[in-house]
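[1] Starting from these lines, generate the structure:
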Amino acid sequence: MELRYTGLNFRLIAEGQFTPSRFFGNTLRGAFGLALRRLLCTTKLSRCTDCPLIGLCIYQILFESRLEAGRDPSKSSFPIVSREAPHPFILKPPLEVDPLEPGDLLEFGINLFGKAIKLVPYIYLAVDEMGRAGIGAKRTPFKLVSIEDGSGRKIFSSTSSTLKRPSPEKLNLTELPKLNYSECHISFRSPCRLKVGGRISDEFDFPVIVKNLLRRLSAILFFYEEVRPDPPVSSNFGIEISSLRNLLFAIRL
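    As a prediction, this is how the structure comes out:
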């Protein structure tokens, strides 16, 4: 059982003074989503649920991920708890951002999973548009100067203006290598939201964290690789910490 993914690393140059918000990841995600919607939304409806193109629109697939039209949740082989599918991407903002002056560098990453890998051209256009429109409360403009894939290969440079195809990677979930770790420490360095019993909770323990991570991984495999995943661990959490740590590090769910 394999999960295809590709990592994209973006570098942008500030074209004005920029003061980051406390949770810069939220600011970056909002600016990216707005840019993507401006570029791709043709109906200009206020809600994606009212759009006749639902299930076909790239913005909706990435940001308003929902079950495909015609799919009956009651007949799905994956346990559906809502009408929403997991987002097929992960935004990786810098954990710490200092105030920027014109010419300073801003770097962040995006991981794409499964079928979403083919959407790289739209991701590129949205990031470029985001920079032109400006980021933050003062709409500071940024110039996109380069993109690298997960292997470190440059797939875009502002000097050439040509986007190359990234090199996807595959993670074999049935053959995770074992590492010599006896403990796993998880640091919450950005906002986190977990549900327990269908409700958002601010009190959770290690089994709850693992259960949510594994369910998200299984959902990504189901919706974007179209496979019914075998659980990588049993329900009693009989997993070696080293394998879990390696899994989390590899795909950064």
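[2] Domain ranges for this protein, per the record?
    As given by automatic domain parsing, the domain ranges for the chain are 2-169, 172-251.
[3] Quickly compare those domains and say which is most buried.
    For the domains of the chain, the stretch with the most neighbours on average is domain 2-169, a mean of 16; neighbours defined as mean count of other C-beta atoms under 10 Å. Yep, even glycine has a C-beta here, placed from its N, CA and C like the rest.
[4] Where does pLDDT dip in the chain?
    Confidence mapping of the chain against pLDDT under 70 gives the ranges 66-84, 176-179, 181-182, 229-253.
[5] what packs against whichever strand in it runs longest?
    Using DSSP state E, we find that the single longest strand of the chain is strand 2-14. Other helices and strands packing on strand 2-14, by 3 or more C-beta pairs under 8 Å, 6 or more residues apart in numbering; DSSP states H and E, are strand 105-113, helix 120-133, strand 142-149, strand 169-172, helix 206-224.
[6] what's the angle between it and helix 206-224?
    90 degrees (axes from the mean of the first three to the mean of the last three C-alpha atoms, to 10 degrees).
[7] Not counting its neighbours along the chain, what's nearest the most centrally placed residue in the chain?
    Within the chain, one residue has its C-alpha closest to the average C-alpha position: by C-alpha atoms, centre = their mean, that is residue 90, at 1.3 Å. In space, and not counting its chain neighbours, residue 90 is closest to residue 111: 4.3 Å by C-beta to C-beta, 6 or more residues apart in numbering.
[8] quick revisit: parallel or antiparallel, list what pairs with the longest strand of the chain.
    Paired strands of strand 2-14, with direction, are strand 105-113 (antiparallel), strand 142-149 (antiparallel), strand 169-172 (antiparallel) (DSSP bridges).
[9] now the second one and helix 120-133, what's the angle there?
    Looking back up the chat, that one is strand 142-149. Comparing the axes of strand 142-149 and helix 120-133 via the same axes, to 10 degrees yields an angle of 160 degrees.
[10] what does whichever helix or strand comes after strand 142-149 rub up against?
    Reading on from strand 142-149 to the C-terminus, the next helix or strand found by DSSP states H and E is strand 154-157. The contact list for strand 154-157, computed with C-beta atoms under 8 Å, 6 or more residues apart in numbering, reads 8, 124, 144-149, 162-166.
[11] Which two among those are spaced furthest apart?
    With C-beta to C-beta as the measure, no two of the contacts of strand 154-157 lie farther apart than 145 and 165, at 19.5 Å.
[12] got the contacts of strand 154-157 as JSON lines, with distance to residue 214 columns?
    Shown next, in JSON lines, are the contacts of strand 154-157 (distance: C-beta to C-beta, whole Å):
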{"residue": "8", "distance to residue 214": "25"}
{"residue": "124", "distance to residue 214": "31"}
{"residue": "144", "distance to residue 214": "35"}
{"residue": "145", "distance to residue 214": "38"}
{"residue": "146", "distance to residue 214": "35"}
{"residue": "147", "distance to residue 214": "31"}
{"residue": "148", "distance to residue 214": "30"}
{"residue": "149", "distance to residue 214": "27"}
{"residue": "162", "distance to residue 214": "40"}
{"residue": "163", "distance to residue 214": "34"}
{"residue": "164", "distance to residue 214": "34"}
{"residue": "165", "distance to residue 214": "31"}
{"residue": "166", "distance to residue 214": "27"}
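[13] ok, so of those, who is nearest residue 216?
    For the contacts of strand 154-157, the minimum distance to residue 216 (C-beta to C-beta) is 19.9 Å, reached by residue 8.
[14] contacting residues for the residue nearest to the closest one when sequence neighbours are not counted?
    Nearest-residue entry for residue 8: residue 110, 4.8 Å, with adjacent residues in sequence omitted and distances by C-beta to C-beta, 6+ apart. If you count contacts by C-beta under 8 Å, 6+ apart, residue 110 has them with 7, 8, 10, 89, 90, 91, 92, 123.
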